[in-house]
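Undergrad: Sequence isn't available, so here's the structure alone:
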């Protein structure tokens, strides 16, 4: 007498009858089916990306290491030392010390320039708020994500390092990839 | 080799020593390659590469691992039994290597005027000898688990005891079908009896039972309850590190090789080639090795495919399905052979 689940149960899926011979046969059949499935994985081949040699391509809006920019024509720095990025920074990792531009020492296009511009990358959370806060597009987020180093002080990036042409170490994801 | 068994033919003593060293050297050369092969193949089954950093194609991986294991600090739990704790892995590896002597790699060859059997020894009780060694190897596992003085090791050892006893019965019975077909217990004799047809065709049921039981006997997935890492933290070798662990690991792989060799000899025609090809005698060991590799691949393939059995499933499968099936197979074979 099978168990009656009552009227509120519409359908009961019962397992096949537990006939030892039939279940043995089924076990071998299912094993073969499973082996076919795993073999198909061998045929498909690995999907692993061999990291140091091959890199995961990044999206265009990927937020990696920061870059500071210059004007292409005059070569002057875009940054005017307004410290809005430092104010926007939630982890407080940007330090800007501004100085006045003089006629014989003209660094930026505005009145003032950043004499010191440091980003402490050990604290940076790569939120991109500095990029949004900047009125002159002087700081943007780059694509580089390989930033490990041996000491903490090596990860405090100075203005020269941020201005320098970044190493293109990470491939950009192609359209539709 | 004194009164162990009735040896069909004695080579000169130096030939026996050379053979022993050669078999040992070849197997222990194959073992590291096998571990890397297993891991690379498992990787392929899971959409990844497996080890490929150490040396070309990751082939130096076992070398690096041996160095790592050998340099590990040997430790022993306070609750353990010191002597047995150290002896148990040795028992395991000794019995595993003992089984290697039985695998026939080829027929008797004539070299330098003397007869050379391309096997360790050819005893007239071949399979029984292997089973005897299997029975002793079980002590290596149980003593290791018990002497560790840890509950996980002990649980693993108890599982091993129950599992090995259950499946040894079916394995033995599956094998008897071959023995009564071949009318001999000598392993070379069994291979020679397969000249007409390899036994896995008439003994298909016995072959399948033997393979399933072999998976259980060597503690391989899906019957790896003994070392179920998720439940027991490693089973009987939980407390072993460094060389003791390596000894168990090597014993497991040698056991796999012995079982593959046995399956090759008993069901796949040993050194015989299909389609009536008769290569020169020196090719025989390579044929056997290739057939063994087929079985090793099967071991790995199954490991990549099947999940671990539940304990009650293991027991009911062994006693309620495999054992009656093996008995039936034996009975039918006996009736056919007698007729």
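TA: Perfect, I can see it now. Just so you know, these numbers come straight off a predicted model, no measurement behind them. Numbers count the residues shown, from 1 in each chain, chains lettered A, B, ... in the order given.

Undergrad: name the element residue A:67 belongs to?
TA: Using DSSP states H and E, residue A:67 sits in strand A:66-68.

Undergrad: same check, this time on residue B:43
TA: Using DSSP H and E, the secondary-structure element containing residue B:43 is helix B:13-45.

Undergrad: What residues of stretch B:31-38 count as buried?
TA: Under the neighbour-count criterion of 16 or more other Cβ atoms under 10 Å in any protein chain shown, stretch B:31-38 has B:31-32, B:34-38 buried. Using the backbone N, CA and C atoms, a C-beta is placed for each residue, glycine as well.

Undergrad: what's the answer for stretch B:312-319, then?
TA: Per 16+ other Cβ under 10 Å, stretch B:312-319 contains these buried residues: B:314, B:317-318.

Undergrad: Would you map the strands across chain A?
TA: A:66-68, A:94-100, A:112-120, A:139-141, A:156-157 (DSSP state E).

Undergrad: who touches residue B:42 in this structure?
TA: Remark: with contacts taken as Cβ atoms under 8 Å, 6 or more residues apart in numbering or on different chains, residue B:42 is in contact with B:50, B:300, B:303-304.

Undergrad: With residue B:153 instead?
TA: Here residue B:153 is in contact with B:144-146, B:232, B:234-239 (Cβ under 8 Å, 6+ apart).

Undergrad: Show me the shaky parts of the stretch 51-200 of chain B.
TA: Scanning the stretch 51-200 of chain B with the threshold set as pLDDT under 70 gives B:112-113.

Undergrad: quick one, strands of it?
TA: Taking DSSP state E, counting those that start in this stretch as the criterion, the stretch 51-200 of chain B carries its strands at B:104-111, B:114-119.

Undergrad: list the helices and strands the first one packs on?
TA: Strand B:104-111 is packed against strand B:114-119, helix B:187-193, helix B:284-305, with contacts defined by 3 or more Cβ pairs under 8 Å, 6 or more residues apart in numbering or on different chains; DSSP states H and E.

Undergrad: helices or strands up against the shortest one?
TA: This points to strand B:114-119. So strand B:114-119, by 3+ Cβ pairs under 8 Å, 6+ apart, packs with helix B:13-45, strand B:104-111, helix B:187-193.

Undergrad: taking these together, which one is wrapped up most tightly?
TA: Looking across these with neighbours counted as mean count of other Cβ atoms under 10 Å in any protein chain shown, the highest average goes to helix B:187-193: a mean of 22.

Undergrad: Output the below-cut-off pLDDT ranges for chain A.
TA: Applying pLDDT under 70 to the predicted model, the residue ranges of chain A that meet it are A:1-3, A:5, A:12, A:14-18, A:20, A:166, A:168, A:175-177.

Undergrad: near chain B, which residues of it?
TA: Within chain A, the positions adjacent to chain B are A:20, A:23-24, A:28, A:31, A:34-35, A:37-39, A:41-42, A:44-48, A:50 by Cβ under 8 Å from any Cβ of the partner chain.

Undergrad: Give me the contacts around stretch B:271-280.
TA: Taking contacts as Cβ under 8 Å, 6+ apart, the residues outside stretch B:271-280 that touch it are B:104-107, B:118, B:191, B:194-195, B:198, B:284-285, B:287-288.

Undergrad: Next: stretch A:47-54.
TA: Outside stretch A:47-54, the residues within contact range by Cβ under 8 Å, 6+ apart are A:55-56, B:47-49.

Undergrad: Please list only the buried members of these.
TA: Taking 16+ other Cβ under 10 Å as the criterion, what is buried in the contacts of stretch A:47-54 is residue B:49.

Undergrad: Just read off the phi/psi values of residue A:81.
TA: phi 70, psi 30 (degrees, to the nearest 10).

Undergrad: From chain B, how far off is it?
TA: Using Cβ to the nearest Cβ, to the nearest Å, one obtains 47 Å as the distance from residue A:81 to chain B.

Undergrad: Please name the residues that touch that residue.
TA: Residue A:81 makes contact with A:96-99, A:108, A:110, A:112-115, A:117, according to Cβ under 8 Å, 6+ apart.

Undergrad: ok, now residue B:164?
TA: When the contact criterion is Cβ under 8 Å, 6+ apart, the partners of residue B:164 are B:134, B:138, B:141, B:216-217.

Undergrad: ok so, going back, for the contacts of residue A:81, which one is nearest residue A:80?
TA: Checking the contacts of residue A:81 against residue A:80 with Cβ to Cβ, the nearest one is residue A:110 at 3.5 Å.

Undergrad: buried stuff in the longest helix along chain A?
TA: Secondary structure of chain A per DSSP state H: the longest helix is helix A:20-44. Neighbour counts over helix A:20-44 (16+ other Cβ under 10 Å) mark A:24, A:34-35, A:38, A:41-42 as buried.

Undergrad: In the stretch 101-250 of chain B, which residue sits nearest chain A?
TA: residue B:208 (7.2 Å; Cβ to the nearest Cβ).

Undergrad: mind checking the SS state of that residue?
TA: Following DSSP: H, G, I helix; E, B strand; the rest coil, we place residue B:208 in the helix state.

Undergrad: Excluding sequence neighbours, find me the nearest residue to it.
TA: Distances taken as Cβ to Cβ, 6 or more residues apart in numbering or on different chains place residue A:28 nearest to residue B:208, at 7.2 Å, with adjacent residues excluded.

Undergrad: what number of residues lie near residue 169?
TA: No chain specified, so I'll use chain A. Residue A:169: 12 surrounding residues under other Cβ atoms under 10 Å in any protein chain shown.

Undergrad: The intended chain is chain B.
TA: The criterion is other Cβ under 10 Å. On that basis, residue B:169 has 16 neighbouring residues.

Undergrad: And the one 5 residues further on, by the same measure?
TA: As a burial measure, residue B:174 scores 29 neighbours (other Cβ under 10 Å).

Undergrad: Equivalent analysis for the one 5 residues further on, please.
TA: For residue B:179, the count of nearby residues is 20 (other Cβ under 10 Å).

Undergrad: what does the stretch 101-250 of chain B have sitting close to chain A?
TA: Taking Cβ under 8 Å from any Cβ as the test, the list of the stretch 101-250 of chain B residues beside chain A reads residue B:208.

Undergrad: and residue B:86, what does it touch?
TA: residue B:244.

Undergrad: again with residue A:170
TA: By Cβ under 8 Å, 6+ apart, the residues touching residue A:170 are A:55, A:57-58, A:64, A:143-146.

Undergrad: Same check on residue A:64?
TA: The contact partners of residue A:64, taken as Cβ under 8 Å, 6+ apart, are A:58, A:126, A:141-145, A:170.

Undergrad: For residue B:65, which non-adjacent residue is closest in space?
TA: residue B:35 (7.8 Å).

Undergrad: One more: residue B:52?
TA: Ranked by Cβ to Cβ, 6+ apart and with sequence neighbours excluded, the top spatial neighbour of residue B:52 is residue B:58, at 4.1 Å.

Undergrad: Correct me if wrong: the one you found contacts residue B:64.
TA: No. The pair formed by residue B:58 and residue B:64 falls short of the contact definition of Cβ atoms under 8 Å, at 9.7 Å.

Undergrad: just to revisit the earlier point, check which helices and strands the longest helix of chain A sits against.
TA: Helix A:20-44 sits against helix B:13-45, helix B:284-305, with contacts defined as 3+ Cβ pairs under 8 Å, 6+ apart.

Undergrad: Out of the contacts of residue B:164, who's the most crowded?
TA: Ranked by the number of neighbours (other Cβ under 10 Å), the contacts of residue B:164 place residue B:141 first, at 30 neighbours.

Undergrad: for that one, what are its contacts?
TA: When contacts are taken as Cβ under 8 Å, 6+ apart, residue B:141 is in contact with B:88, B:92, B:157, B:160-161, B:164, B:226, B:236.
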